[in-house]
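Undergrad: Take a look and give me a structure for this.
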Amino acid sequence: MPEIPIDRKKHRHVVWLGAFAGALLFIIGVRFLLVPESAQFTFGLANAEPESAGLHYVIGLRDLWLGALAIIFAVLRDWRSLGLWLLMGALVCWADATIVASNNGPSLAIAFHVLSGVFCIILGWGAWRRRAKS
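TA: As a prediction, the model looks like this:
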């Protein structure tokens, strides 16, 4: 059966946006590892008192590997994996927004998490649609 050529330029925006989402999460992870108190404040958890600095490292490492995974899926044009990653990521973003809100976090941090979830839904849907066309 002949292989169907895929127009790689046609999907470039999904690749770049997916890699951007992964890079942003990766940078957030680095920030939690290098300047944990500042990252905690920025992302709306200033009022939460962690038991130890280990919580920051858990968050940082989670964000590092998940960000790297999104970048890899985008670069490889693995639409199914990227789409699922983003769609599930939207749920995590909204759960984070709920956690921030329950800790009386700043409205800007809550908005960041909610809008990140919306971004993930839109881009995840776009990646999932590419999967069906590939």
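
Undergrad: Buried ones in the longest helix seen in the chain, by neighbour count?
TA: For the chain, the helix that runs over the most residues, judged by DSSP state H, is helix 107-133. Of the residues in helix 107-133, 109-110, 112-114, 116-117, 119-121, 123-124, 126-128, 130 count as buried by neighbour count, 16 or more other Cβ atoms under 10 Å. C-betas here are computed from N, CA, C, even on glycine.

Undergrad: same check, this time on stretch 71-81
TA: Buried residues in stretch 71-81 (16+ other Cβ under 10 Å): 71-74, 77-79, 81.

Undergrad: Spit out the contact partners of the closest residue to Ile99 other than its chain neighbours.
TA: Distances taken as Cβ to Cβ, 6 or more residues apart in numbering put Leu45 closest to Ile99, at 7.6 Å, once the chain neighbours are dropped. By Cβ atoms under 8 Å, 6 or more residues apart in numbering, the contact list for Leu45 reads 99-100, 103, 105.

Undergrad: Of those - the most surrounded one?
TA: With neighbours taken as other Cβ atoms under 10 Å, the top of the contacts of Leu45 is Val100, carrying 25 neighbours.

Undergrad: Go ahead and list the helix or strand containing that residue.
TA: Element membership of Val100, judged by DSSP states H and E, is helix 79-102.

Undergrad: following the lowest-mean-pLDDT helix or strand in the chain, which helix or strand comes up?
TA: Within the chain, no helix or strand scores below helix 36-42, which has a mean of 83 by mean pLDDT, DSSP states H and E. Next in sequence after helix 36-42, counting helices and strands by DSSP H and E, comes helix 54-75.

Undergrad: That next one - contacts with which helices or strands?
TA: Applying 3 or more Cβ pairs under 8 Å, 6 or more residues apart in numbering; DSSP states H and E, we find helix 54-75 packed against helix 12-34, helix 36-42, helix 79-102.

Undergrad: Now the second one: buried residues?
TA: Of the residues in helix 36-42, those buried by neighbour count under the rule 16+ other Cβ under 10 Å are 36, 39-40, 42.
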